[in-house]
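A.B. asks: Based on what follows, work out the 3D shape:
(one chain, ligands or ions: 2)
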Amino acid sequence: MQDVPSLVAAAREGRPRAVARLISLVEGASPQLREVMAALAPLTGGAYVVGLTGSPGVGKSTTTSALVGAFRRQGRRVGVLAVDPSSPFSGGALLGDRVRMSDHASDPGVYIRSMATRGHLGGLARAAPQAVRVLDAAGCDVVLVETVGVGQSEVEIASQADTSVVLLAPGMGDGIQAAKAGILEIGDVYVVNKADREGADATARELNHMLGLGEARGPGDWRPPVVRTVAARGEGIDEVVEALEKHRAWMEGRGVLAARRRARAAREVETLAVMALRERIGDLGGDRRLDALADRIVSGDLDPYGAADFLVEALADG
Ligand SMILES: Nc1nc2c(ncn2[C@@H]2O[C@H](COP(=O)(O)OP(=O)(O)OP(=O)(O)O)[C@@H](O)[C@H]2O)c(=O)[nH]1
Ligand SMILES: [Mg+2]
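C.D. replies: Ligands and ions are numbered 1, 2, ... in the order given. Alright, predicted model coming up:
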């Protein structure tokens, strides 16, 4: 097996197998995880990360593929991470099915990877940002992260992007439903795909209306645009690229990009630190100290909050 420094060097040269190997290392809890992350740290920060989210079948993969084409025409290197919280499979197996990327399979300027939960969503939320780091360090100018669904966990994964794109399709995403799913808060750019179908204009209108109902925006604030696309025919894709570029420029001009990245990094550290603490504390069931405190609560000698304080203090003392 290759050592980490040469793997990282090979990934920097754009060797797909090295990139794949690095992602596998960060995806699992490999003993080399820490060494890999440390090696990647100084190489990251160059990629513009775009998240695409939306209900199953709305056209995320088709749109992603079209965007890859558009970015490639600009000569940019592109990474794609397809995250599927509902699927137990990971690695290359899904590419043929869920990711419609066959157009780009032989392009050395494109790296595509899919990732699944293996039944453990927390793990995916942890692993996805690390995989993005690998693609970033490998020299991708743009990383597109496709996440299925608009549930809480997907929203969390989408929030790890610099710019979040929310996709809807006529009939599927009427405004009420959109508001319920909380998507009006997370999108920087909205795409009404399948605009070749009836109802696309109404969906776009309703969405625009609902976005306008949100809290008052000051001059210079970002107003998420609504772009109509027929991704299957590549229509409207240039407009999506334009909206992404505008949003990026707006963020850079106002320090929003740096602030978002800082907030994201802080959340990530917090998650890892809490995980590490939880691991260090271990399983408290059967701990003598816990049992003794429980006895005191049952006998009315102590309340649960006071008991928890005692326990936390005891644990912090080691
Ligand atoms: N009519 C029409 N069909 C489209 C359009 N874009 C995509 N489709 C079709 O919609 C279906 C789903 O497209 P995908 O891109 O796989 O959708 P997805 O959101 O990635 O789906 P999941 O990853 O399974 O959630 C495919 O059959 C596409 O060919 C469009 O603009 N118009
Ligand atoms: Mg898809």
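A.B. asks: Just the strands from this structure, written as ranges.
C.D. replies: Using DSSP state E, the strands of the chain run over 48-54, 78-84, 110-116, 142-148, 163-168, 189-192, 226-228.
A.B. asks: and Gly282, how many neighbours?
C.D. replies: Neighbour count of Gly282, defined by other Cβ atoms under 10 Å: 9. C-beta: built from backbone N, CA, C; applies to glycine.
A.B. asks: residues contacting it?
C.D. replies: By Cβ atoms under 8 Å, 6 or more residues apart in numbering, no residues touch Gly282.
A.B. asks: mind showing which ranges of the stretch 201-318 of the chain have poor pLDDT?
C.D. replies: Along the stretch 201-318 of the chain, the parts satisfying pLDDT under 70 run over 214-216, 318.
A.B. asks: any idea how far stretch 26-34 is from the chain center?
C.D. replies: Centroid separation for stretch 26-34 versus its chain: 19 Å, with Cα atoms, centre = their mean, to the nearest Å.
A.B. asks: Equivalent analysis for stretch 270-279, please.
C.D. replies: Centroid displacement of stretch 270-279 relative to its chain, using Cα atoms, centre = their mean, is 20 Å.
A.B. asks: Repeat that for stretch 272-287.
C.D. replies: Here stretch 272-287 is found 26 Å from its chain centre; the criterion is Cα atoms, centre = their mean.
A.B. asks: Quick check: buried residues in that stretch?
C.D. replies: Within stretch 272-287, no residue is scored as buried using 16 or more other Cβ atoms under 10 Å.
A.B. asks: With stretch 286-296 instead?
C.D. replies: Applying 16+ other Cβ under 10 Å to stretch 286-296 flags Leu290, Leu293 as buried.
A.B. asks: Need the residues that contact that stretch.
C.D. replies: Contacts of stretch 286-296 (Cβ under 8 Å, 6+ apart): Leu284, Leu302, Ala307, Phe310, Leu311, Ala314.
A.B. asks: With stretch 262-281 instead?
C.D. replies: Against stretch 262-281 from outside (Cβ under 8 Å, 6+ apart): Ala125, Arg126, Pro129, Ser159, Gln160, Leu315.
A.B. asks: thought the third one was touching Gln160?
C.D. replies: Going back to what we said before, that points to Pro129. Yes. With contact defined as Cβ atoms under 8 Å, Pro129 counts as touching Gln160 (5.2 Å).
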